[in-house]
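S.K.: what shape does this take:
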Amino acid sequence: MNRKLLWLLAAAATTAVVAAAGSAAPPSGPQLTNVANANTKSTGYAPPDVLSPELEQTIVAQGSTRVENPNPATISYYGYDNDLLNEQGQPVMVPGGAFTSEAQKTEPDKNTYLVFRDGLTGADNSYDYGTHFLFQGHEGGSPGFISRINLDADAAHRVTVLATADSTGAPIADIDGSTWDPWAKRLLLTTESAGAPTYSATPGYPSTVTDISGALGRGGYEGIQDDSAGDIWIVEDSGGTNKPGTVAKRPNSFIFRYVPQTPGDLRHGKLEALQVLNGSGAPITFESQAPLSSPDQVALHTYGLSFRTRWIVVHDTATDGNAPFNANDAAKAKHATPFKRPENGQFKPGSGFGQFFFDETGDTNATSVENDIGGWGSIFKLTQSRPTADTGSLTLFYKANEATASFDNVTFISRDAVTFVQDMGDGLHSQGNALDSGWLFDTNVDYSKPGNVPLRWLAEGRDPSATIDSAGNGFGKNEGDNEITGVHVSDGDPSVNGILGAKVPNLSSPQWRWFYTQQHGDNFTWEVTLAGSHSGGRGDQGNQGNDDQGGDN
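M.R.: Numbers count the residues shown, from 1 in each chain. Coordinates of the predicted model:
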């Protein structure tokens, strides 16, 4: 009996139990076959990506794609800075000959797909850029920048650099997360640094980029998205210090909710942080989780327990002003609850924005003595009566193991199916002899029960450029093994109705599209489609690459 059938049977059995209790419907969306194994990591080995056979992927941009508006002083290619140029003025993408190093790789990160029926401006005033666009911030290099992949465009107009400086002329910091705020009509971008701004940006060219961290704060921000009330949810990834004598990290990252005075107001509002109460009704705090294997940390990572939650205000522009502030420090001062590097979260479609699933990356080390209590990573479910509720409950949805360790990005591909993808890093890849994977979970399944396991839809490979970087320590500037990031399913609706979680994804419809970025190395950004379907007719002519199962063809 193959794993596809096992996964479906497990889902059906659990759904039957849930249905008897009068709850959720069975899973919807594409049924995928499990990929049996992750790709292995070994010296000089560059295996291709392996997808479920029901899926195909197409390159929409890659590191060597020339941007339409190059600047010789900074950026000429989508995935490379111009900090090391060859004799023809091109970035050194692969060391060789006289060059023993390489250019800085820009690492395009989280994807935001939007459809603007009236089109958008670009660097070429005479060109029609179409209506389908994929936005990204870039996580590496200097300056940071915002790019837009014009999915309808030809090769010469495929990628536009929207901005490298903010509205004051200051260079943009490296960017991690992104989303679209339909009330403000701005992209929201996070920088994963307490010393760098949180930004808003207009989607046209040139983009106007504004520092909004006087209201939203600064922190190790990564995941960001709106709810149906116009609040902005932010998931922080801020690594903690080691607990004494171990590689176990102290929980140091918070879940935030920004409540604007009115939807779309990015200057006036309250920033709240999530506080979780333990079984005695006391807050689980930074201090309470300081001891090794503290009771609070053990309890949080125990199946079957439910914890009361509440939102606490950590900054209010009405009383605290609009100067940029450190949100992590503010959350600690108000005794909010930190986690082991949560990176991203998303609302379950059809839940009325009442169920928010977020992950922990954990310690990313096979020798952590806390691997069973968050070190391998976890997925939590926060349940509220409505997105604006002041209280709710938190439960452990899934506790990771070595094979599924280090979750990063997340997206729902249907009402019930959600994918979390891995970012284990070179060290854990070597310890486990396995590269990253993309995992599919059924939100109706109880994963505490033996035999209920997620399905692997992607065993990520490693392109030759990443393989060289892994062997050469990135030449002192770049990352090594490829990472899965920016996994994103959307129909691109830029209205309030298009907020992630407002609609149930339907990947059999051409309006719904699925993207992810194979970060590091050649920095491919992929579109995933159901096998046998094609992207032509969705207005994205000019896609680069082909429908293949790898990145080195």
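
S.K.: residue contacts, the residue positioned nearest the centre of the chain?
M.R.: What sits nearest the mean C-alpha location of the chain, by CA atoms, centre = their mean, is Asn409, with 3.3 Å. Contact analysis of Asn409 by CB atoms under 8 Å, 6 or more residues apart in numbering lists 110, 223, 343-344, 420-421, 423, 484-488, 516. (Glycine included, C-beta is placed from N, CA and C.)

S.K.: one more: Gly204?
M.R.: Leu120, Thr121, Leu162.

S.K.: phi and psi next, for the closest residue to Glu370 other than its chain neighbours.
M.R.: Nearest non-adjacent residue to Glu370, counting by CB to CB, 6 or more residues apart in numbering: Ala248, 4.0 Å away. Backbone torsions of Ala248, given as degrees, to the nearest 10, read phi -70, psi 130.

S.K.: was I right to think Ala248 contacts Thr367?
M.R.: No: look at Ala248 against Thr367 with CB atoms under 8 Å: they stay out of range, at 9.2 Å.

S.K.: more crowded one of the two?
M.R.: Between Ala248 and Thr367, counting by other CB atoms under 10 Å, Ala248 is the more crowded of the two (25 against 12).

S.K.: and the more buried one, how far is that from Gly374?
M.R.: 9 Å (CB to CB, to the nearest Å).

S.K.: who touches both of those two?
M.R.: With CB under 8 Å, 6+ apart, Ala248 and Gly374 have common neighbours Asp363.

S.K.: paired strands for the host helix or strand of the residue nearest to the centre of the chain, with orientation please.
M.R.: Taking DSSP states H and E as the definition, Asn409 sits inside strand 407-412. Sheet partners assigned to strand 407-412 using DSSP bridges are listed as strand 417-422 (antiparallel).

S.K.: mind listing what's buried in the very next helix or strand once past the strand it pairs with?
M.R.: Sequence order places helix 425-432 as the next helix or strand after strand 417-422, per DSSP H and E. Buried residues in helix 425-432, counted by 16 or more other CB atoms under 10 Å: Gly425, Asp426, Leu428, His429, Ser430, Gln431, Gly432.

S.K.: adding distance to Gly279, write those out as TSV.
M.R.: As requested, the buried residues of helix 425-432 are exported to TSV (distance: CB to CB, whole Å):
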residue	distance to Gly279
Gly425	34
Asp426	39
Leu428	32
His429	37
Ser430	39
Gln431	34
Gly432	34
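
S.K.: hmm, Glu402 is touching Trp376, no?
M.R.: Yes: using CB under 8 Å, Glu402 is in contact with Trp376, at 6.4 Å.

S.K.: more crowded one of the two?
M.R.: Trp376 (29 against 14).

S.K.: part of a helix, is the more buried one?
M.R.: No: counting by DSSP: H, G, I helix; E, B strand; the rest coil, Trp376 falls outside a helix, being coil.

S.K.: got the contact list for it?
M.R.: With CB under 8 Å, 6+ apart, Trp376 has these contacts: Gly362, Asp363, Lys399, Ala400, Asn401, Glu402, Thr404, Ala405, Ser406.

S.K.: so which of those are in strands?
M.R.: Among those, the ones falling in strands (DSSP state E) are Lys399.

S.K.: list buried residues within the contacts of Trp376.
M.R.: Gly362, Asp363, Lys399, Ala400, Thr404, Ala405, Ser406.

S.K.: give me the pLDDT for the closest residue to Asp166 other than its chain neighbours.
M.R.: Of all residues not flanking Asp166 in the chain, Val209 sits nearest, at 4.3 Å (CB to CB, 6+ apart). On pLDDT, Val209 comes in at 98.

S.K.: what residues are bridge-paired with Val209?
M.R.: Ala201.

S.K.: contact partners for it?
M.R.: Ile146, Ala163, Ala165, Asp166, Ser167, Ile172, Tyr199, Ser200, Ala201.

S.K.: now these: which count as buried?
M.R.: Of the contacts of Val209, these count as buried by 16+ other CB under 10 Å: Ile146, Ala163, Asp166, Ile172, Tyr199, Ser200, Ala201.

S.K.: next, format these as JSON lines and append pLDDT, distance to Pro47 and secondary structure.
M.R.: Listed next are those as JSON lines, based on pLDDT from 0 to 100; distance: CB to CB, whole Å; DSSP: H, G, I helix; E, B strand; the rest coil:
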{"residue": "Ile146", "pLDDT": "98", "distance to Pro47": "32", "secondary structure": "strand"}
{"residue": "Ala163", "pLDDT": "98", "distance to Pro47": "36", "secondary structure": "strand"}
{"residue": "Asp166", "pLDDT": "98", "distance to Pro47": "40", "secondary structure": "coil"}
{"residue": "Ile172", "pLDDT": "98", "distance to Pro47": "35", "secondary structure": "coil"}
{"residue": "Tyr199", "pLDDT": "98", "distance to Pro47": "37", "secondary structure": "strand"}
{"residue": "Ser200", "pLDDT": "98", "distance to Pro47": "40", "secondary structure": "strand"}
{"residue": "Ala201", "pLDDT": "98", "distance to Pro47": "37", "secondary structure": "strand"}
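
S.K.: just give me the closest of the residues you listed to Thr241.
M.R.: Ranked by distance to Thr241 (CB to CB), the buried ones among the contacts of Val209 are led by Tyr199 at 28.1 Å.

S.K.: and that closest one, how far from Thr208?
M.R.: Taken as CB to CB, the span from Tyr199 to Thr208 is 10 Å.

S.K.: and what of Ser470?
M.R.: Ser470 is 39 Å from Thr208, by CB to CB.

S.K.: likewise for Asp231?
M.R.: From Asp231 to Thr208 the distance is 23 Å (CB to CB).

S.K.: so for these two, which residue has more residues nearby?
M.R.: A direct count of neighbours by other CB under 10 Å for Asp231 and Thr208 places Asp231 higher, at 20 against 13.

S.K.: pretty sure the more buried one sits against Pro387.
M.R.: Yes: Asp231 is in contact with Pro387 according to CB under 8 Å; the separation is 6.3 Å.

S.K.: which helix or strand lies directly C-terminal to the lengthiest strand in the chain?
M.R.: Determined from DSSP E, the single longest strand within the chain is strand 306-316. Using DSSP H and E, the helix or strand that follows strand 306-316 towards the C-terminus is helix 317-320.

S.K.: let me see the residues that make contact with that following helix.
M.R.: Gly214, Ala215, Arg267, His268, Gly269, Lys270.

S.K.: so what's the gap between that helix and the chain middle?
M.R.: 31 Å (CA atoms, centre = their mean, to the nearest Å).

S.K.: then stretch 357-367?
M.R.: On the basis of CA atoms, centre = their mean, stretch 357-367 sits 14 Å off its chain's mean C-alpha point.

S.K.: by contact count, what packs against the longest strand of the chain?
M.R.: strand 269-276, helix 327-333, strand 391-399 (3 or more CB pairs under 8 Å, 6 or more residues apart in numbering; DSSP states H and E).
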